[in-house]
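Asker: Quick check, what structure comes out for this input:
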Amino acid sequence: MEIHIGNRVADVSLLGKEGNKVRLCIDGEEHEVDIVMAENGACSLLHDGHSYNAELIRSEGGKNYQVNTFFSSYSVDIIDSQAKYLRMRRNSEEKQGDKIISPMPGKVVKIPVGEGDRLVAGDIVAVIEAMKMQSNYKVSSDCVVREILVKEGDTVNGNQVLMTLDVINQEENAEGTNIQEV
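Answerer: Numbering: from 1, shown residues only. So this is what the prediction gives:
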């Protein structure tokens, strides 16, 4: 998962837990921490022989915390895999341009279009399965499919180009007829 602490972004994975001892991987580096939580949100941490105390105040959404220590206060946001996936997908839809890009690794379930097909905004061009969820990828503007770079059943990487498009720009001339550029 991703954790945002102020302006810092950390990639955190839980490697193991036994009692109060927790093994974490933070940005590729392993750490073992002894954590004791009190009922009032107080937290005591022991790491590498150093003791730290903090107060955790959870937001109503449950994925945001205000963390107060003796000297500092931090806003902490926990971005789980599903939230990260949805954010990446939303960003990729906003930036469609002349290509369709998979925002994360997955499997191509269906490609309901062919090269040369003329599409209108909102048409589905690919169905990708990631994290046991199928997602429809749609074009956000009128276009023609130039090239399909994957086939059904393929495994794709994050940020992999799935297909290229020729975007159609429509302009009205003085006579009121549409001029279409490909």
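
Asker: mind giving me the domain split of this structure?
Answerer: The chain breaks down by automatic domain parsing into domains covering 2-79, 87-171.

Asker: ok, and which of the ones you listed has the densest surroundings?
Answerer: domain 87-171 (a mean of 15; mean count of other Cβ atoms under 10 Å). To be clear about C-beta, it is placed using only N, CA and C from the backbone, and glycine gets the same treatment.

Asker: my guess is residue 138 contacts residue 120, does it?
Answerer: No - counting by Cβ atoms under 8 Å, residue 138 does not reach residue 120; the two are 10.1 Å apart.

Asker: all helices of this protein, in order?
Answerer: For the chain, helices defined by DSSP state H occupy the ranges 81-94.

Asker: how distant is the strand ranked longest in the chain from the center of its chain?
Answerer: In the chain, with assignment by DSSP state E, the single longest strand is strand 8-18. The chain centre lies 17 Å from the centre of strand 8-18; the measure is Cα atoms, centre = their mean, to the nearest Å.

Asker: Adjacent strands (with direction) for it?
Answerer: Note on strand 8-18: by DSSP bridges, its sheet partners are strand 2-5 (antiparallel), strand 21-26 (antiparallel).

Asker: Give me the distance between the first one and the centre of its chain.
Answerer: Right, strand 2-5. The chain centre lies 13 Å from the centre of strand 2-5; the measure is Cα atoms, centre = their mean.

Asker: ok, residues contacting it?
Answerer: 9, 10, 11, 12, 74, 75, 76, 77, 78, 79, 84 (Cβ atoms under 8 Å, 6 or more residues apart in numbering).
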